[in-house]
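Engineer: One predicted model, sequence on top.
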Amino acid sequence: MPATTPSNAASPAALEALTPRRLNSAAWALRIQFFVAGALFATWGVHVPTVKAHYGIGEQALAIAMLASGVGALIALSQAGRVIARFGPRLVAGAMGLCCAGAVSLLLTPGVYLGLVLILALFGATASLFDVAINAEATEIEHLSARPLMSGFHAMFSLGGMIGAGVGSALPLLGWTPATHLLVALGVAVLMVLGACAAMLKMRAGSEEKQPMSLPRGVLALIGTLAALGLIAEGAMYDWSVLFMKQERGSTASVSALGYASFSLAMALGRFGGDWVRARVAPIPLMTASGLLAAVGMALALLVPFEQAGLLGFALVGLGLSNVVPVLFSAAAKVPGVSAAHGIAAVSSLGYLGMMAGPPLIGMVAEHSSLTWGLASVVVFALFMALSASRALGGTRAPGA
């Protein structure tokens with residue numbers, strides 16, 4: 001799930017002349033970009049077992065390759081503010097969206113393990129810059145629209161993940177090879193990214209961002225830690241749910257891909273209704289219920305040895321995690337003595353660290369025990385989120401307060 005960052009070059013004076021129709025068109029273009037980002041993550045996710053078999057590697061080697069993706073993402077994130085401030089979100093989103101799609105299409109091309117590591121490092125770097133760019137514009141569009149839109153944008157990411165996983169599940173039944181799927185995915189992603197870029201806002205690029213990144217402290221650090229744990233759980237679903245169904249439950253390739261699809265569908269539904277829920281439920285009970293639901297769902301998937309239980313459990317995890325990021329980022333913007341922009345940026349950096357570093361660590365645990373034990377960490381993290389909600393969000397005002 002993508003992390004939100006404050007806009008670096010955004011103010012009404014720096015934008016093209018806007019009409020309600022133009023703003024609505026830009027919002028729909030951005031929804032397409034979020035959809036593509038989610039679909040690309042899903043395309044990688046459904047082919048994790050394929051990649052594992054193609055290179056003849058175990059969980060630990062696969063985890064190291066995933067860690068390369070995390071390293072690439074963190075390096076790119078350290079420069080994201082400067083890059084987007086210099087070139088603007090639209091240009092960065094277009095270039096990085098195309099490069100990200102290209103990286104996914106190359107997953108099965110090299111015949112050596114080092115090639116996979118390099119491709120995943122490229123995927124991590126380009127996906128993170130793509131994500132930051134579209135979130136920067138999403139922040140500005142929400143501001144200009146003067147109404148909540150962020151949950152809906154993130155819902156499109158989840159919808160893209162659901163459809164991407166669903167397509168990945170159906171194509172083997174039609175006789176398509178993984179290589180053909182990746183090639184077609186590249187072509188569709190290129191057309192959608194370029195078409196959406198044409199309608200995005202022409203935000204003026206500014207001077208390079210020179211303010212150094214700083215680590216959050218106090219309550220902001222706790223909020224960031226909860227964001228990291230939530231995104232570890234989300235990243236675990238992206239990277240390991242399909243392999244879990246195939247390896248631990250003996251499912252076919254099509255059924256295994258449905259594990260990812262069920263998670264993404266539930267998360268999309270939760271996010272589409274997220275703005276409505278957050279307007280009616282205070283942050284602490286919502287965060288507590290979210291953590292408990294995710295923990296129960298993961299426990300169900302791990303403890304009940306049936307495919308149906310796995311699919312239902314992953315769906316409950318998706319529903320539980322769907323509004324964690326919006327709640328935590330809203331709280332980060334209200335920490336006393338900290339600007340909204342700094343609070344969101346600090347929590348975003350910790351959240352991304354969790355999303356990129358968590359899945360490889362789960363893979364290393366799986367190599368030395370089992371994937372079931374590796375994914376059991378998701379239960380622990382979700383429970384910690386639920387139990388820490390009151391302390392982290394105690395100063396957060398209820399919606400509308």
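Structural biologist: Structure received.

Engineer: Output the contacting helices and strands for the one helix or strand Ala382 maps to.
Structural biologist: Remark: Ala382 resides in helix 371-393, with elements defined by DSSP states H and E. In this structure, helix 371-393 packs against helix 219-247, helix 283-303, helix 307-321, helix 324-332, helix 340-368, with contacts taken as 3 or more Cβ pairs under 8 Å, 6 or more residues apart in numbering; DSSP states H and E. To be clear about C-beta, it is placed using only N, CA and C from the backbone, and glycine gets the same treatment.

Engineer: How about residues contacting stretch 92-102?
Structural biologist: Residues external to stretch 92-102 that are found in contact with it (Cβ atoms under 8 Å, 6 or more residues apart in numbering): 33, 36-37, 40, 83-84, 122-123, 126-127, 129-130, 132-134, 137, 185-186, 189-190, 193-194, 197, 200.

Engineer: Could you pick out the buried ones from these?
Structural biologist: Among the contacts of stretch 92-102, those scoring as buried are 33, 36-37, 40, 83-84, 122-123, 126-127, 129-130, 132-134, 137, 185-186, 189-190, 193, 197, 200 (criterion: 16 or more other Cβ atoms under 10 Å).

Engineer: quick one: which of the contacts of stretch 92-102 sit in helices?
Structural biologist: 33, 36-37, 40, 83-84, 122-123, 126-127, 129-130, 132-134, 137, 185-186, 189-190, 193-194, 197 (DSSP state H).

Engineer: Looks like Ser388 contacts Gly224 (just checking).
Structural biologist: No: counting by Cβ atoms under 8 Å, Ser388 sits too far from Gly224 to count as a contact (11.9 Å).

Engineer: For these two, indicate the residue with more neighbours.
Structural biologist: With other Cβ atoms under 10 Å as the criterion, Ser388 and Gly224 differ in neighbour count, and Gly224 comes out ahead with 25 against 18.

Engineer: now the angle from the one helix or strand in the chain whose mean pLDDT sits lowest to helix 371-393?
Structural biologist: Evaluated with mean pLDDT, DSSP states H and E, the helix-and-strand set of the chain has its lowest mean pLDDT in helix 340-368, which scores a mean of 72. Comparing the axes of helix 340-368 and helix 371-393 via axes from the mean of the first three to the mean of the last three Cα atoms, to 10 degrees yields an angle of 160 degrees.

Engineer: Now do helix 340-368 and helix 324-332, the angle between them.
Structural biologist: Helix 340-368 and helix 324-332 are oriented at 140 degrees to each other (the same axes, to 10 degrees).

Engineer: Just send the helices and strands packed on helix 371-393 back as a markdown table, with distance to Leu258 too.
Structural biologist: Supplementary listing: these in a markdown table, determined by distance: least, Cβ to Cβ, whole Å:
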| stretch | distance to Leu258 |
| --- | --- |
| helix 219-247 | 8 |
| helix 283-303 | 13 |
| helix 307-321 | 6 |
| helix 324-332 | 23 |
| helix 340-368 | 20 |
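
Engineer: do you know which of those lies nearest Tyr113?
Structural biologist: Ranking the helices and strands packed on helix 371-393 by proximity to Tyr113 (Cβ to Cβ) places helix 340-368 first, at 14.5 Å.

Engineer: which other helices and strands contact that closest one?
Structural biologist: Under the contact definition 3+ Cβ pairs under 8 Å, 6+ apart, helix 340-368 sits against helix 59-87, helix 113-145, helix 219-247, helix 324-332, helix 371-393.

Engineer: lowest-confidence stretch among these?
Structural biologist: The stretch with the lowest mean pLDDT among those is helix 324-332, which comes in at a mean of 77.

Engineer: show me what contacts Gly259?
Structural biologist: When the contact criterion is Cβ under 8 Å, 6+ apart, the partners of Gly259 are Ser241, Val242, Phe244, Met245, Ser251, Gly310, Leu311, Phe314.

Engineer: quick check, nearest of those to Ser145?
Structural biologist: Proximity to Ser145 was ranked across the contacts of Gly259 by Cβ to Cβ; first place goes to Phe314, at 33.0 Å.

Engineer: what's the helix or strand for the residue nearest to the closest one when sequence neighbours are not counted?
Structural biologist: For Phe314, the nearest residue in space outside its immediate sequence neighbours is Phe263; the separation is 4.2 Å by Cβ to Cβ, 6 or more residues apart in numbering. Taking DSSP H and E as the criterion, the element that holds Phe263 is helix 253-272.

Engineer: Name the member of the contacts of Gly259 with the most neighbours.
Structural biologist: Scoring the contacts of Gly259 on neighbours with other Cβ under 10 Å, the highest-scoring entry is Ser241 at 31 neighbours.

Engineer: From Ser105, how far off is that residue?
Structural biologist: Noted for Ser241: a distance of 22 Å to Ser105, by Cβ to Cβ, to the nearest Å.

Engineer: Gly374 now?
Structural biologist: Computed as Cβ to Cβ, the Gly374 to Ser105 distance reads 28 Å.
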